[in-house]
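>>> How does the following fold in three dimensions:
(chains A, B, C and D)
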Number of protein chains: 2
Amino acid sequence: MSAPIRVVLADDELLIRTALAQMLDLEDDLSVVAEAANGEHAVTAAVKYAADVAVLDLQMPKLDGIAAAEQLTRLLPGCGCVIITSHGRPGHLKRALAAGVRGFLPKTTSAATLAAVVRTVHEGGRHVDSELAAEAIAAGDSPLTPREADVLELAATGAPIDEIAHRAALSPGTVRNYLSNAMTKLGAANRHEACATARRLGWI
Amino acid sequence: MSAPIRVVLADDELLIRTALAQMLDLEDDLSVVAEAANGEHAVTAAVKYAADVAVLDLQMPKLDGIAAAEQLTRLLPGCGCVIITSHGRPGHLKRALAAGVRGFLPKTTSAATLAAVVRTVHEGGRHVDSELAAEAIAAGDSPLTPREADVLELAATGAPIDEIAHRAALSPGTVRNYLSNAMTKLGAANRHEACATARRLGWI
DNA sequence: GGTTCCCCATGACAAACGTCACGGGCCGCC
DNA sequence: GGCGGCCCGTGACGTTTGTCATGGGGAACC
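Prediction:
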């Protein structure tokens, strides 16, 4: 048998990270060569240890899984990226694939699947969870313009218009127009409902 | 050495559950006798296998970790409950302790700590993460009346007043009064900010 | 060079929202 | 029995928000 696949594992929750590392290490052909608690560290560690595959949690401090994958595919093209996540939002899957990610799994999948996907990705293949893929296709593309998404994201904190306008360096009237457009596109009755749907679909 | 501590593990994410189970099983004096994907199943499994300690994820379908712990302390008083969670909200800790939980840990703790807490709880002791405890004390008790919390929870979806009023079987005016009160108590400029604060503190 | 889309802005109008004052009914407590 | 707290409701008032019409500037594309 050839040398084991060198895996870097990144997850901000120590307990989970340790458990997953142990689990992956139990596979004969996998070897966890480094662990990281955030995206930045994941990238440097993957480069340092010349990893074959990076298993990245989606939500992490500093650099999230997708941003880390993006850097990684540039800095270390031979390294495949697998994203695992608790919340499978359609938009995240799209952005991940655009960033060069070749594996995308919810944390509800089995351990066997994760190991299998790591192997598949290492061989240059792809694998995305079929349910998530279906959702992504059903949800379609984000109808929001970049600016609308920006403003909607600021609105998600619950701040009033003036606050949003100030933080986005826009006139209050413009903010209202953007929000109104976004609400129409998302079929929401108010901006907070719009924020909720946009978040659910991974569009902000 | 005496018989190993019989542990039931509940977490809705299969990958995580499997990994944690394997990890706990690696400890000589711990034995994972059952796994559950939701609170209901956790309770029945704990009873069925006469578990010594239940390790429960906070957010689960059907019955969340706290509700499961509440039932468990009634149905199987000898069984200690440990809650693990990704989001350490002060309010959750309080409710957990009130429900008879004796261990409360964020998922950012180490594997060694989890095992140690399981042992402590089995021996009748308590352990809550010190940082979480500090936050809980700093945050104080919820100033919201039960009804205010109800309404605020309904408001969290972003629904307009009429919708909230209908769902709570209240007059729109009353809803606005409750929300206004809640906003004042939470120092929020609008109800969505109030929802955000209340959620952050685990009060809804 | 026209069309289209995004960006940014203004002004006016109606609806939703937040505040305040006030009332009654119920319960628990001193 | 008074007091306070929570429950629920109404009405009035001013502010915020959502909608719509309108316009100019810039980039992309045919």
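
>>> Can you give the contact residues for stretch A:173-183?
Applying CB atoms under 8 Å, 6 or more residues apart in numbering or on different chains, the contact partners of stretch A:173-183 are A:144-145, A:147-149, A:151-152, A:155, A:161, A:164-165, A:168, A:170, A:188-191, A:193-194, A:198. For every residue, glycine as well, the C-beta is placed using N, CA and C.

>>> Could you give the separation of it from the chain centroid?
27 Å (CA atoms, centre = their mean, to the nearest Å).

>>> try stretch A:63-82
11 Å.

>>> Weed out the non-buried ones from the contacts of stretch A:173-183.
For the contacts of stretch A:173-183, a burial check counting by 16 or more other CB atoms under 10 Å in any protein chain shown picks out A:144, A:148-149, A:151-152, A:155, A:161, A:164-165, A:168, A:170, A:188, A:191, A:193-194, A:198.

>>> Quick check: the two most widely separated of the residues you listed?
A:Leu170 and A:Glu193 (21.6 Å; CB to CB).

>>> re earlier: filter the buried ones among the contacts of stretch A:173-183 down to the ones near DNA strand D?
Restricting those to those touching DNA strand D (CB under 7 Å from any atom of the strand) yields A:161, A:191.

>>> so what pLDDT did the residue of chain A found nearest DNA strand C get?
In chain A, the residue that lies nearest DNA strand C is A:Gly173 (2.3 Å; CB to the nearest atom of the strand). Note for A:Gly173: predicted pLDDT of 96.

>>> helix or strand right after the host helix or strand of it?
Element membership for A:Gly173 (DSSP states H and E) is helix A:172-186. Using DSSP H and E, the helix or strand that directly follows helix A:172-186 along the chain is helix A:191-200.

>>> what is the orientation angle of that next one with helix B:191-200?
Here helix A:191-200 runs at 50 degrees with respect to helix B:191-200, directions being taken by axes from the mean of the first three to the mean of the last three CA atoms, to 10 degrees.

>>> For helix A:191-200, which helices and strands make contact with it?
When contacts are defined as 3 or more CB pairs under 8 Å, 6 or more residues apart in numbering or on different chains; DSSP states H and E, helix A:191-200 packs onto helix A:146-155, helix A:172-186.

>>> coming back round to it: near DNA strand C too, which of the contacts of stretch A:173-183?
Among those, proximity to DNA strand C is found for A:145, A:147-148, A:170, A:190 (CB under 7 Å from any atom of the strand).

>>> interface residues of chain A facing chain B?
Contact residues, chain A versus chain B (CB under 8 Å from any CB of the partner chain): A:12-16, A:18-20, A:22-23, A:26, A:84, A:86, A:105-111, A:114, A:157-160, A:188-190, A:192-196.

>>> Quick one: buried ones out of the residues you listed?
By 16+ other CB under 10 Å, these give A:12-16, A:18-20, A:22-23, A:84, A:86, A:105-109, A:111, A:114, A:158-159, A:188, A:192-196 as buried.

>>> Kindly report the domain assignment for chain A.
As assigned by automatic domain parsing, chain A contains the domains A:5-138, A:146-200.

>>> So which of these is the most surrounded?
Per-stretch averages of neighbours, counted by mean count of other CB atoms under 10 Å in any protein chain shown, single out domain A:5-138 among the domains of chain A, with a mean of 20.

>>> Convert the C-alpha atoms of stretch A:95-115 to CSV, please.
What follows is stretch A:95-115, C-alpha atoms only, in CSV (Å, rounded to 0.1, in the frame of the first residue of the first chain):
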residue,chain,number,x,y,z
ARG,A,95,-19.6,29.7,-3.2
ALA,A,96,-17.6,26.7,-2.0
LEU,A,97,-17.7,25.1,-5.4
ALA,A,98,-16.7,28.4,-7.0
ALA,A,99,-13.7,28.6,-4.5
GLY,A,100,-12.5,25.2,-5.8
VAL,A,101,-13.9,23.0,-3.0
ARG,A,102,-14.4,19.5,-4.2
GLY,A,103,-16.2,18.0,-1.2
PHE,A,104,-19.1,19.4,0.7
LEU,A,105,-20.8,17.5,3.5
PRO,A,106,-23.2,18.3,6.4
LYS,A,107,-22.2,17.1,9.8
THR,A,108,-25.1,14.8,9.8
THR,A,109,-23.4,12.4,7.4
SER,A,110,-21.7,9.2,8.6
ALA,A,111,-18.0,8.8,9.5
ALA,A,112,-17.6,6.3,6.6
THR,A,113,-18.9,8.9,4.1
LEU,A,114,-16.4,11.5,5.4
ALA,A,115,-13.5,9.1,5.0
